[in-house]
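In: 3D, please:
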Amino acid sequence: QVQLVESGGGLVQPGGSLRLSCAASGFTLDYYNIGWFRQAPGKEREGVSCISGSDGSTYYADSVKGRFTISRDNAKNTVYLQMNSLKPEDTAVYYCYVRGLPSGAHWGQGTQVTVSS
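Out: Numbers count the residues shown, from 1 in each chain. Model (predicted):
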C-alpha cells in the first residue's frame, strides 16, 4: 500500500527554519519525481518544489527560491524540504505528492506550517 507521511511542521517565528520530511512506503521513491505543495487558507494549492527520480534535479517556485532546499535520502525512502528564512506568507499546510505509480497519484495527509511572531 502506497503511503506518504509528512512531518516536521510547527509554529516558527519569521526568519526561522523548519525541516519537513516525507516518508514513503509501498514504493521506492528514488524512481519517481516527488513534489512538495502547499495550501494556505482561502488559496489554491500551489507547487513549491520537486526533485527528479531520474537524476536528482530540482525545481523551486520563485517565491521560495534561495530559501528552501529539497533533498532525498534513498536509504530512508524519505524526501526532505529544508525551509530557511521563513516568512508569514509561507504559512500553509504542506503536502508531498507522487504520481506515475501503477496505483496512480498519491498525496500525503499534510503538515501545518505557521510562521508568526
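
In: surely Gly100 meets Asn33?
Out: Yes: look at Gly100 against Asn33 with Cβ atoms under 8 Å: they come within range, at 7.4 Å. Every residue, glycine included, has its C-beta placed from N, CA and C.

In: what residues are up against the spatially most central residue of the chain?
Out: Geometric centre of the chain, nearest residue: Trp36, 3.1 Å, by Cα atoms, centre = their mean. The contact partners of Trp36, by Cβ atoms under 8 Å, 6 or more residues apart in numbering, come to 20, 22, 47-50, 70, 79, 81, 94-97.

In: hmm, which of those residues are the buried ones?
Out: Buried by 16 or more other Cβ atoms under 10 Å: Leu20, Cys22, Val48, Ser49, Cys50, Ile70, Val79, Leu81, Tyr94, Tyr95, Cys96, Tyr97, out of those.

In: so is the third one in a helix, a strand, or just coil?
Out: I take that to be Val48. Three-state call for Val48 (DSSP: H, G, I helix; E, B strand; the rest coil): strand.

In: confidence score at the spatially closest residue to it that is not a sequence neighbour?
Out: Using Cβ to Cβ, 6 or more residues apart in numbering and skipping the chain neighbours, the partner closest in space to Val48 is Trp36 (4.5 Å). On pLDDT, Trp36 comes in at 98.

In: heads up, I number from 744, so please use that
Out: Sounds good: first residue 744 from here, last item Trp779.

In: list just the nearest of the contacts of Trp779 to Val748.
Out: Val748 lies nearest to Cys765 out of these, by Cβ to Cβ, at 7.2 Å.

In: and the closest residue to the closest one other than its chain neighbours, what does it touch?
Out: Nearest non-adjacent residue to Cys765, counting by Cβ to Cβ, 6+ apart: Cys839, 3.5 Å away. By Cβ under 8 Å, 6+ apart, the contact set of Cys839 is Leu747, Glu749, Cys765, Ile777, Gly778, Trp779, Phe780, Val822, Trp850, Gly851.
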